[in-house]
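# okay, sequence plus prediction incoming.
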Amino acid sequence: MSVFSCQHLSKKYLSKYVLEDVTFSLTQGHFYILMAPNGAGKSTVLRLIMGLERPTAGTMSFLESCPDQYGIPAHLRGQIGLVAETIEYDPSASLMRFLKFYATLFPTYDLPWLCAMAQVRNIDLTQKFQKLSRGQKMQVILLSELAKRPKLLLIDEITSVLDPYSRAFYLNLLSDFTHQGGTVLLTTNVIHEVESSASDLLILKGGTVAWEAPINTIFRQFTKIMVSDILTDETQALLQQHKFYPLDRLQSDGRWMSILVGPSASLPLIALPYVQIHMGAEDLFKYFFQTSDVSVESKAKGYDHRAA
């Protein structure tokens, strides 16, 4: 079942397009990571879904309802949750007082569950929201949105706010949520810490969707190798013919080793001796957004200079 889909979604600020012709869908029970460089439109996608901003063009469909241009239909708003650091709760009331009011807005809100989870996390709900630490605020917002029992949970860049133990706790909680039929769309730049919990990857590039696929299929299509060879211009040109691009250099036993990523299908065409090494979502991010202004060879020269 499709929980959300958008068709040809665009958003323009003044004369600049942040999103242009974005089309993708979210399936029930899946955990999606939305990757893109800073300022490339990740948060804008979430704001458009929530109806906090209106798209310049395109339509959206929620829970297989009729396509709409303006975000969540009013009768479905309780079934979609948003977690973001920009959210603030009533500064004049204690958390418990505010949450009791908030619970009345949603027929499926599970306030006893939220209180139990806050106790597990040692969060005092008799305090005011402003008295909490940055990480505690994000935990309260996340628990509060999960207590709505939504069909779709949108999470904007919170993993860097949480300490490692809290991050592991909530990623397990989100995995349970998806196993029970919920859907998560998480934007993050701390990719390596969430990829083991996610099922699917969306990559935004140039204002549009550059890749949309299950994570395990992506890593079967791309591979990361290490070659013991100086990447001359001629060698780099040959590798780039096969869509292999250098990501980094490292020194081992006095020799420079080049790290490259490219399509697995092109691997048999690589004439150089190589070793395949583990590839993660962060490597794929670098592959899609690798820059040409600083070559790997120039980086290596810089390393040599600093070592000298």
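Perfect, I can see it now. What you see is a predicted model; the values in this text were computed from it and never measured.
# rest of the way, CA atoms for contacts and neighbours
Fine.
# for the residue lying closest to residue 181 once chain neighbours are set aside, give its distance to residue 81.
Nearest in space to residue 181, with sequence neighbours left out and distances taken as C-alpha to C-alpha, 6 or more residues apart in numbering, is residue 29 at 4.3 Å. Residue 29 sits at a distance of 15 Å from residue 81 (criterion: C-alpha to C-alpha, to the nearest Å).
# before we move on, back to that, the residue nearest to residue 181 looks like it's in a helix, true?
No - going by DSSP: H, G, I helix; E, B strand; the rest coil, the assignment for residue 29 is coil, not a helix.
# can I assume it is in contact with residue 174?
No - assessed by C-alpha atoms under 8 Å, residue 29 is found out of contact with residue 174, at 10.6 Å.
# and for the two, which residues touch both?
residue 184 (C-alpha atoms under 8 Å, 6 or more residues apart in numbering).
# stretch 133-150: how far from the chain's middle?
A distance of 18 Å separates the centroid of the chain from that of stretch 133-150, by C-alpha atoms, centre = their mean, to the nearest Å.
# mind listing what's buried along it?
Neighbour-count burial for stretch 133-150, with 16 or more other C-alpha atoms under 10 Å as criterion, is recorded at 135-150.
# next step: the residues you listed restricted to helices.
135, 136, 137, 138, 139, 140, 141, 142, 143, 144, 145, 146 (DSSP state H).
# which one of the buried residues of stretch 133-150 is nearest to residue 125?
Using C-alpha to C-alpha, residue 140 comes nearest to residue 125 of these, at 9.0 Å.
# enumerate every residue touching that closest one.
By C-alpha under 8 Å, 6+ apart, the contact list for residue 140 reads residue 118.
# quick check, pLDDT for it.
pLDDT for residue 140: 95.
# what does the one 3 residues further on give?
Among the per-residue scores, residue 143 holds a pLDDT of 96.
# skipping adjacent residues, who's closest to it in space?
With sequence-adjacent residues excluded and distances taken as C-alpha to C-alpha, 6+ apart, residue 143 is closest to residue 114, at 6.1 Å.
# secondary structure element holding the one you found?
helix 111-120 (DSSP states H and E).
# which of the three states applies to residue 87?
Residue 87 - assigned by three-state DSSP - is coil.
# pLDDT weak spots in the stretch 101-250 of the chain?
In the predicted model, the stretch 101-250 of the chain carries pLDDT under 70 at residues 229-230.
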